[in-house]
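Peer 1: Okay, sequence plus prediction incoming.
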Amino acid sequence: MAVRHASTSVHPGTFGALAAAAHGGPCVAVTTLAALLAVALDVGTASAVVVTAAVLAGQLTIGWGNDLLDAGRDAAVGRADKPIATGALSRRLVQHCLVAAAVACLVLSAAAGWRSGLVHVVLLVGMGHAYNLGLKATVLSWLPYAVAFGSLPAVVSLAGPDHAWPDWWLMGAGATLGVGAHLLNTLPDLADDARTGVRGLPHRLGEGVSRVVAAAVLLTASVLAALGPGSPGALTWAALLVVVVLAVVAATGRGRWPFRAAIAVALIDVVLLVAGAR
């Protein structure tokens, strides 16, 4: 695991610190996936903008809520990449930003339509906060990710003019991708989490088994995304072949290669998911 405990914390100003506290990378990744799905599902420009903005606001609340709740734990293990824990960012400012984002999330979700809004607030954002509030420390730590990622295509499609639910395989691919994302996201923090009493599913499985399970569920997501739409072309079969090879590396490789291979599978899954939604 890479060394994460530096003696100083580098945050270029308040905006950078707020982005770090919001888990900027995952926040942008989920928001981008929502935007790509909105384009692929052809929900219309206005709906695409509104639902993407709603997802962004919701993800901000989840990220800031997580770091507010975990500030004590992060400080205890010396997490220099956590601006609230290091004192580089005011708790009060983050709390105000969280409230503003929550209001924006509710307003934008309602603007996307009651169907999309309800699914977004309850199944996506709600599950994110349920994870933060305690599920992450249980054997059901994977469940919020499965429900949230599985419901994301529905949040987007229900915002369209037809208010239609997405195909089952699209939601299934999203759910399995979410479980894989949970396992990958947790692996770098297993030691720190263990020191502060967090024992989710990856902690109980251990790093080696978690890598294998992550590879398996990401491979499942690939198969669903590739074969769900029917009549896969040559490029899709080629992508699946690459995924199989990468999954083997993720499950059996050494050093950092398993983690890198699993990340590559997740990226291919996203491409297949968006392509299949068209």
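Peer 2: Good, I have the coordinates.
Peer 1: Tell me how many other residues crowd D189.
Peer 2: Residues lying near D189 (other C-beta atoms under 10 Å) number 17. For glycine as for every other residue, the C-beta is placed from the backbone atoms N, C-alpha and C.
Peer 1: pLDDT value on it, please?
Peer 2: Looking at D189, its pLDDT stands at 82.
Peer 1: and the gap between it and E207?
Peer 2: 11 Å (C-beta to C-beta, to the nearest Å).
Peer 1: and if you look at A34?
Peer 2: Taken as C-beta to C-beta, the span from A34 to E207 is 30 Å.
Peer 1: and what of G230?
Peer 2: G230 is 37 Å from E207, by C-beta to C-beta.
Peer 1: So between those two, which is more surrounded?
Peer 2: Comparing G230 with E207 by other C-beta under 10 Å, the one with more neighbours is E207, at 17 against 7.
Peer 1: Look up phi and psi at that one.
Peer 2: Torsion angles at E207 (phi, psi; degrees, to the nearest 10) stand at phi -60, psi -50.
Peer 1: for the stretch 1-150 of the chain, what spans make up the helices?
Peer 2: Here the stretch 1-150 of the chain has its helices, by DSSP state H, counting those that start in this stretch, at 13-21, 24-40, 45-76, 83-86, 91-111, 114-119, 126-132, 142-157.
Peer 1: helices or strands next to the last one in the packing?
Peer 2: Pointing back at helix 142-157 there. Helix 142-157 sits against helix 24-40, helix 45-76, helix 114-119, helix 126-132, helix 168-186, with contacts defined as 3 or more C-beta pairs under 8 Å, 6 or more residues apart in numbering; DSSP states H and E.
Peer 1: buried sites along it?
Peer 2: Buried residues in helix 142-157, counted by 16 or more other C-beta atoms under 10 Å: 142-157.
Peer 1: Ok, the second one next?
Peer 2: Along helix 24-40, the positions that meet the burial threshold by neighbour count (16+ other C-beta under 10 Å) are C27, A29, V30, T31, L33, A34, A35, L36, L37, A38, A40.
Peer 1: just those residues now: which is nearest A266?
Peer 2: A29 (9.4 Å; C-beta to C-beta).
Peer 1: distance of the closest one from N185?
Peer 2: 10 Å.
Peer 1: for L177, same thing?
Peer 2: From L177 across to N185, the span is 12 Å (C-beta to C-beta).
Peer 1: cool, T32 as well?
Peer 2: 16 Å.
Peer 1: For the helices and strands packed on helix 142-157, could you give me a markdown table that also reports mean pLDDT and distance to V244?
Peer 2: Listed next are the helices and strands packed on helix 142-157 as a markdown table, based on pLDDT from 0 to 100; distance: least, C-beta to C-beta, whole Å:
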| stretch | mean pLDDT | distance to V244 |
| --- | --- | --- |
| helix 24-40 | 95 | 23 |
| helix 45-76 | 96 | 31 |
| helix 114-119 | 98 | 33 |
| helix 126-132 | 97 | 30 |
| helix 168-186 | 93 | 15 |
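Peer 1: just the ones you listed: most buried one?
Peer 2: When you average the neighbours per residue for each of those (mean count of other C-beta atoms under 10 Å), helix 168-186 leads with a mean of 24.
Peer 1: Check which helices and strands that one sits against.
Peer 2: If you count contacts as 3+ C-beta pairs under 8 Å, 6+ apart, helix 168-186 packs onto helix 142-157, helix 201-205, helix 207-227, helix 257-277.
Peer 1: residues of stretch 107-114 that come out buried?
Peer 2: Neighbour-count burial for stretch 107-114 [16+ other C-beta under 10 Å]: L108, S109, A110, A111, A112, G113.
Peer 1: which residues sit in contact with the fourth one?
Peer 2: With contacts defined as C-beta atoms under 8 Å, 6 or more residues apart in numbering, the neighbours of A111 are V50, A54, G117.
Peer 1: ok, the second one - contacts?
Peer 2: Think A54. Contacts of A54 by C-beta under 8 Å, 6+ apart are C105, L108, S109, A111, A112, G117, H120, V155.
Peer 1: repeat for L36
Peer 2: V270, V274.
Peer 1: Any stretches of the stretch 101-250 of the chain with poor pLDDT?
Peer 2: Judged against pLDDT under 70, the stretch 101-250 of the chain has no low-scoring part.
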